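Chemist: Sequence isn't available, so here's the structure alone:
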C-alpha cells in the first residue's frame, strides 16, 4: 500500500513534457546545472522525520536519508534549535583556524569524547571530498612519502584529488590527468596487502564500501591491514563518510573490527542535515599542517559556526536518545521484511543495505516504481545492478513494514 494519500495516478517525474513544466521546474532544468540527463525532479516543499513532501502535497518515505545524511531524520527539533540559536549570534567570521569560535570548540570536544585517544584533533571542512583530500595531504606531509594505496570500486568524492584515489574508472577517464603514484588493491584481498611498503604514505579505504554496493570486509582483512600499515609506517585513513554516526550499528564502523585508523574522515551524517566534513588525527600528526609550509591546508568556510552547532547537537541526539543501540535489530528486521525470491542478494550492515538484481534496467524500474508509490530508494554509481536503502535510524517497525511492502510490490511488477 502507498505511504501517502491521493496517488491514484502515477506521475513520471523523470519524463515531463516541457510544456507542462512549472516555473520552478523550468528554472531547474534551464538555469541550474544538471548532474545527469534524467534527474528525479521532485519539487520539494518540506521535510520532517522520515518524510519528504512535494509541492503537490504528496508524501514520500525517505528510505535513503538523503544518502546517509539525515541519520536522525529530517529537521530534528534539536538541530533546528541549534541552528536558530547560532544564527542569532553570528554566522561566518573569518577563514578556519584564525579566531576562537565556540561552536567549533564544542564540536571538537564532542568528537574527541566519542573517539579513541589518538583521534583527538579535528580539522573541519565543508564536505566529504574535502575531508579526504585533506587527509591524504596530511599523510603525505606527515610521512614525507608520495605513494597512495586505494581500492578498486571505492568512492571518495568527485574533486580531482578524490577522483584520483577512487576506484571507478568510468567516472575518472574524462578528467585525466589525475594524481600520480596512486595504486589500487582488490578490496578484502589479504594477498594484495603485500603491495603496501615503506614508500607508502597512506592507505585510504572506506571501512565499508558504500557506492560499490555495501561491500563489507572481513575481520581478518581489517586486522592484517592495520598491522601492515603499522609495520611499514604507512598511515591508515578510514573513510567513514557514509558509515559514520550509527549507520552500521556502531558510532563508527571501525569499532566492529577493534582497530583504530591513523586518520578518520567524516561528513554526511555529521551535520544532522547541515554541510560539514572533518578529518581527524592525533595532535602530533595534525600539527604538521601548520608549518613547512605554514597554512599547509586552509579553508574559508570550513567549520562554519552554524554547521558546527548543528553537528554538536546531532551527536547529542544520537547519544541522548540512544538511537544507535537498536540499529542492528532494525536492520535485521528490514532485511527479513524485504525477503523476496527475485532478489539475488541482500548485503547489509546495520541500516545500510544493498539489494541486488540481474540488471541495471531492473533496478531502474523498481526504484522509479517505488518513487511513484511514495518510497524513495536510490541506485549506486559503481554498482548499478543494486539499489540502496539507508533510512533514518529513527524509522519505526510500522514504517519499515509499509516501505518493504511497496518495494516488494515493485519487485513483483518489474522482475
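Modeler: Perfect, thanks for sending it. All values reported here derive from a predicted model rather than from experimental measurement. Residues are numbered from 1 along each chain as shown.
Chemist: wait, what's in contact with the residue nearest the centre of the chain?
Modeler: Using C-alpha atoms, centre = their mean, the residue of the chain that lies closest to the mean C-alpha position is residue 242, 2.7 Å off. By C-beta atoms under 8 Å, 6 or more residues apart in numbering, the contact set of residue 242 is 67, 68, 206, 208, 210, 211, 268, 352, 390. Every residue, glycine included, has its C-beta placed from N, CA and C.
Chemist: which residues are contacting the longest strand that the chain contains?
Modeler: Criterion DSSP state E: the longest strand present in the chain is strand 200-206. Applying C-beta under 8 Å, 6+ apart, the external contacts of strand 200-206 come out as 132, 135-136, 139-140, 143, 145-151, 154-156, 165, 187, 196, 225, 229, 232, 234-243, 262-263.
Chemist: Now intersect the residues you listed with the helices, please.
Modeler: Among these, DSSP state H puts 132, 135, 136, 139, 140, 143, 225, 229, 232 in helices.
Chemist: Mind putting those into a markdown table with distance to residue 413 and pLDDT?
Modeler: Output for those, formatted as a markdown table (distance: C-beta to C-beta, whole Å; pLDDT from 0 to 100):
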| residue | distance to residue 413 | pLDDT |
| --- | --- | --- |
| 132 | 39 | 98 |
| 135 | 44 | 98 |
| 136 | 45 | 98 |
| 139 | 48 | 98 |
| 140 | 51 | 98 |
| 143 | 54 | 98 |
| 225 | 43 | 98 |
| 229 | 48 | 98 |
| 232 | 52 | 98 |
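Chemist: From those, pick the one nearest residue 401.
Modeler: residue 132 (37.2 Å; C-beta to C-beta).
Chemist: For the stretch 51-200 of the chain, which segments count as strands?
Modeler: For the stretch 51-200 of the chain, the strands defined by DSSP state E, counting those that start in this stretch cover 51-54, 59-62, 121-125, 147-151, 182-185, 200-206.
Chemist: Quick one: closest of these to residue 333.
Modeler: Comparing the strands of the stretch 51-200 of the chain by C-beta to C-beta, strand 59-62 comes nearest, at 15.7 Å.
Chemist: same for that closest one, what does it pack against?
Modeler: Packing partners of strand 59-62 (3 or more C-beta pairs under 8 Å, 6 or more residues apart in numbering; DSSP states H and E): strand 51-54, strand 375-376, helix 397-414.
Chemist: low-scoring stretches of the stretch 201-350 of the chain, by residue?
Modeler: Across the stretch 201-350 of the chain, no stretch falls below the confidence threshold (pLDDT under 70).
Chemist: on that earlier part again, so which of the strands of the stretch 51-200 of the chain is the most packed in?
Modeler: The highest mean neighbour count among the strands of the stretch 51-200 of the chain, using mean count of other C-beta atoms under 10 Å, belongs to strand 200-206: a mean of 26.
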